[in-house]
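Asks: this is a predicted model, with the sequence first.
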Amino acid sequence: MDKVTTLINTFKRVILELAEYFDNASLMVGVTAGVMALTLVTFFLFKKIRVLKYLPGFVVLLIGLYNLNSVLDVLTAESSLPVLLLAVIGVVAGLVGMLFALVIGIIAKPVKKRRRSTSITNSNTNGEQRETTSVQK
């Protein structure tokens, strides 16, 4: 029983130590879910203009790349870590948003209907037209 309580206490200490990193991961999941929801809303609002569903992911990707570019000179400095975190979250959320828009576009692909011809012609099973002739006796 003593080993079990020691194991549980060790597990609690590890979880508490990793709580800060889980906070950043939950932030990334939240931002990504928000971008996906915004992509879904833009898809439903602009069904005719299908390119606009990529816009939320593209904007967040640009924000992430801008943050990465602004911190690129002092990448290893401790003061640049929050900006680097924003850059990683922006790039990941933007790419996931754009891939989500692509999946939505594949699933909801518009179906083009075939036009039926108005004139009725005699045709065989191969689609070839044949002429009708009158039989004389």
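Replies: Happy to help now that I have it.
Asks: who's in contact with residue 42?
Replies: By Cβ atoms under 8 Å, 6 or more residues apart in numbering, residue 42 lies in contact with 52, 53, 55, 56. Any C-beta I mention is one placed from the backbone N, CA and C, and that applies to glycine too.
Asks: any of these buried? List them.
Replies: 53, 55, 56 (16 or more other Cβ atoms under 10 Å).
Asks: between these, which is closest to residue 9?
Replies: residue 56 (44.6 Å; Cβ to Cβ).
Asks: by pLDDT, rank the buried ones among the contacts of residue 42 and give me the bottom one.
Replies: In terms of pLDDT, the least confident member of the buried ones among the contacts of residue 42 is residue 53, at 91.
Asks: in a helix, it, correct?
Replies: Yes: under DSSP: H, G, I helix; E, B strand; the rest coil, residue 53 sits within a helix.
Asks: need the contact list for residue 24.
Replies: So residue 24 contacts residue 85 (Cβ under 8 Å, 6+ apart).
Asks: please, which helix or strand holds it?
Replies: helix 19-45 (DSSP states H and E).
Asks: grab the nearest non-local neighbour of the most centrally placed residue in the chain.
Replies: Nearest to the geometric centre of the chain sits residue 100, at 1.7 Å (Cα atoms, centre = their mean). Distances taken as Cβ to Cβ, 6 or more residues apart in numbering put residue 36 closest to residue 100, at 4.9 Å, once the chain neighbours are dropped.
Asks: can you count the residues close to that neighbour?
Replies: 20 (other Cβ atoms under 10 Å).
Asks: closest one to residue 113 out of the buried ones among the contacts of residue 42, please.
Replies: Top of the list for closeness to residue 113, among the buried ones among the contacts of residue 42 and by Cβ to Cβ, is residue 53 at 23.0 Å.
Asks: pLDDT below threshold where in the chain?
Replies: 20, 117-137 (pLDDT under 70).
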